[in-house]
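Novice: give me coordinates for this.
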Amino acid sequence: MAFAGLKKQINKANQYMSEKIGGAEGTKFTEEYTEMERKTDLTNELVEDLLNKTKEYLQPNPACRAKLMVTSKIRSGARAHAYPQPEGTLGEAMVKYGKELGEESHFGYSLIEAGEAMKQMAEVKYALEDNVKQNFLEPLYHLQTKDMKDVMHHRKKLQGRRLDYDCKKRRQAKRAHLSEEEIRLAEDKFEESFNLASMGMFNLLDNDVEQISQLASLAESLYDYHNQCAAILQSAVERLNEQRNDAASRPRETYVPKKLHELNLLPSHDDISPHGDYGASPAHSNAGTPVDQPPPTKSLFLGGLQPGSNQNSSASPSRSPCRSPNASPLPSPVRSPARSPMVPQQPCATALYDFEPENEGELPFKEGETVTLTARVDDNWSQAGHIIGATIGNKIRVKNSSRHFCVHDFCLFVTALPKIFLYLVLS
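Specialist: Here you go, the predicted structure:
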């Protein structure tokens, strides 16, 4: 049997090459059979295209379709995830922002109503998918994988037996040693395959009633889907019109412009310029709530006395309380290791030496005593009553609870007595 099968395959190849290259004539089929072949091929093509196009109609996004296909193959036993319908995605967004706006808002409530309607349409779309798959896609898939496959199998088998029969007929015409039994057996098999292929194609093409019923099921499913969507949208339109009428009939409120003093805003200040910063009182927080006062300290007037003091100060008119243009607004990166970790409430300094005043307007100091700084004349001269001195060296940034102010690290105050020094450093 193995040798007979090999011999048959050789005969088929020989006849095929003879027809394609040598110009040998093969057995011709009837016109009826040729027409059925054409219609069968066309039916096979249209079934394949209908399956793909219907899936694209139900699930337009190709990326989501590919993802669902991969997921279904990986999780063969589990239920595949549902395709994200555009109506459902839009409805979820509407409901989300409607709830954030609040149902007391007419627009927010209307968003929720419209979003719920869109989500209902998405559920109806899922029902449409199930109906179309069950009543249209599955019959087409069965037609493609079973009936069409059987017809194609018989046609392929017929083609092979025709080649074998024609090869034996051609060899018999050349007076080859072939028995009549072999010729008759090849002819019987060729006839059998021809009838099977013809009957299969005839039954396939004659099954118009079933195929039209499948199309009717598709149209009916679409009709039900659009009817349900129309009912949902009609109800949504009625509710939205009611909300629109309610919003239009509500009393309108007039906007009253606010004054700045009604907004409880803090006064603006310059974080870099020292002008006027020493005069601010930290007795109240940003919200206006009283806070604890810092420990009592003496005030050193640089260019004037603190308000409420019984001493008078006279600042030179040539001393302008403005910042030097050569002064750097950046803080020094060097920090003294002896600095206290406590952040003062106001700019202040610590006296390192005792000082007894000898002239009017001078303030007495004790070693280690904290002095609150309230003003400064300029970068090179300072005045406290009648105390005038020169400043030395690097600038640092003094912090308090509400602003920054730049003073010098080292302040050397020269009094009427040259040998008496008050050395102040930032506390």
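
Novice: buried ones in the helix or strand where residue 56 lies?
Specialist: Assigned by DSSP states H and E, residue 56 belongs to helix 31-58. By neighbour count on 16 or more other C-beta atoms under 10 Å, the buried set for helix 31-58 is 33, 36-37, 40, 43-44, 47, 50-51, 54-55, 58. Quick note: C-beta positions are derived from backbone N, CA and C, even for glycine.

Novice: and the residues you listed as CSV, adding pLDDT and distance to residue 104?
Specialist: Converted to CSV, these look like this (pLDDT from 0 to 100; distance: C-beta to C-beta, whole Å):
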residue, pLDDT, distance to residue 104
33, 91, 77
36, 94, 71
37, 93, 72
40, 94, 67
43, 94, 61
44, 93, 62
47, 94, 56
50, 95, 51
51, 94, 51
54, 95, 46
55, 92, 45
58, 91, 40
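
Novice: adding distance to residue 111, write those out as JSON lines.
Specialist: Formatted as JSON lines, the buried residues of helix 31-58 follow (distance: C-beta to C-beta, whole Å):
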{"residue": "33", "distance to residue 111": "65"}
{"residue": "36", "distance to residue 111": "59"}
{"residue": "37", "distance to residue 111": "59"}
{"residue": "40", "distance to residue 111": "55"}
{"residue": "43", "distance to residue 111": "49"}
{"residue": "44", "distance to residue 111": "50"}
{"residue": "47", "distance to residue 111": "44"}
{"residue": "50", "distance to residue 111": "39"}
{"residue": "51", "distance to residue 111": "39"}
{"residue": "54", "distance to residue 111": "34"}
{"residue": "55", "distance to residue 111": "33"}
{"residue": "58", "distance to residue 111": "28"}
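
Novice: farthest pair in those residues?
Specialist: 33 and 58 (37.7 Å; C-beta to C-beta).

Novice: before we move on, the earlier item: and the helix holding residue 56, what other elements does it pack with?
Specialist: helix 62-74, helix 106-132, helix 138-142, helix 148-173, helix 180-205 (3 or more C-beta pairs under 8 Å, 6 or more residues apart in numbering; DSSP states H and E).

Novice: helices and strands around the third one, which ones?
Specialist: In other words, helix 138-142. Applying 3+ C-beta pairs under 8 Å, 6+ apart, we find helix 138-142 packed against helix 31-58, helix 208-249.

Novice: just the mean pLDDT for that helix, thanks.
Specialist: For helix 138-142, the mean pLDDT works out to 93.

Novice: sorry, back to before: between the helices and strands packed on helix 31-58, which one is closest to residue 82.
Specialist: Closest among these, once you apply C-beta to C-beta, is helix 106-132, at 6.5 Å.

Novice: quick one: mean pLDDT over that closest one.
Specialist: 95.

Novice: just the buried positions in that helix, please.
Specialist: Within helix 106-132, judged by 16+ other C-beta under 10 Å, the buried ones are 106, 108-122, 124-125, 128-129, 131-132.

Novice: give me the three-state assignment for residue 82.
Specialist: coil (DSSP: H, G, I helix; E, B strand; the rest coil).

Novice: ugh, wrong one, I meant residue 253
Specialist: Residue 253 - assigned by three-state DSSP - is coil.

Novice: could you report the neighbour count for it?
Specialist: When counting by other C-beta atoms under 10 Å, one arrives at 6 neighbours for residue 253.

Novice: per-residue confidence for it?
Specialist: At residue 253, the model reports a pLDDT of 85.

Novice: tell me how far it lies from residue 188.
Specialist: 98 Å (C-beta to C-beta, to the nearest Å).

Novice: kindly report the same for residue 82.
Specialist: 56 Å.

Novice: what is the burial count for residue 173?
Specialist: For residue 173, the neighbour count with other C-beta under 10 Å is 8.

Novice: next one: residue 232
Specialist: 19.

Novice: excluding chain neighbours, what is closest to residue 357?
Specialist: residue 364 (5.2 Å; C-beta to C-beta, 6 or more residues apart in numbering).

Novice: okay, now residue 21: neighbour count?
Specialist: Applying other C-beta under 10 Å, I find that residue 21 has 8 neighbouring residues.

Novice: whoops, I mixed them up, residue 149
Specialist: Around residue 149 there are 11 residues (other C-beta under 10 Å).

Novice: reduced to three states, what does residue 257 come out as?
Specialist: Each residue gets one of three states, and residue 257 gets coil by three-state DSSP.

Novice: quick check: phi and psi on it?
Specialist: Main-chain torsions, residue 257, degrees, to the nearest 10: phi -60, psi 150.

Novice: mind checking how far it is from residue 263?
Specialist: In this view, residue 257 and residue 263 are 11 Å apart by C-beta to C-beta.

Novice: what stretches of the stretch 151-300 of the chain score poorly on pLDDT?
Specialist: The stretch 151-300 of the chain contains residues with pLDDT under 70 at 175-176, 265-300.

Novice: from what I can see residue 139 touches residue 207, true?
Specialist: No: applying C-beta atoms under 8 Å, one finds residue 139 not in contact with residue 207, separated by 10.6 Å.

Novice: ok, back up a step: the helices and strands packed on helix 31-58: which one's closest to residue 87?
Specialist: Nearest of these to residue 87, taken as C-beta to C-beta: helix 106-132 at 4.2 Å.

Novice: so the closest one versus helix 208-249, what angle?
Specialist: Helix 106-132 runs at 170 degrees relative to helix 208-249, counting by axes from the mean of the first three to the mean of the last three C-alpha atoms, to 10 degrees.

Novice: counting by contacts, list what helix 106-132 packs against.
Specialist: helix 31-58, helix 86-101, helix 208-249.

Novice: in the second one, which residues are buried?
Specialist: In this case it means helix 86-101. 87-88, 90-91, 94-95, 98, 101.

Novice: right, so of the helices and strands packed on helix 106-132, which gets closest to residue 145?
Specialist: That would be helix 31-58 among these, by C-beta to C-beta, at 9.9 Å.

Novice: specify the angle between that closest one and helix 62-74 in degrees.
Specialist: Using the same axes, to 10 degrees: helix 31-58 against helix 62-74 is 100 degrees.
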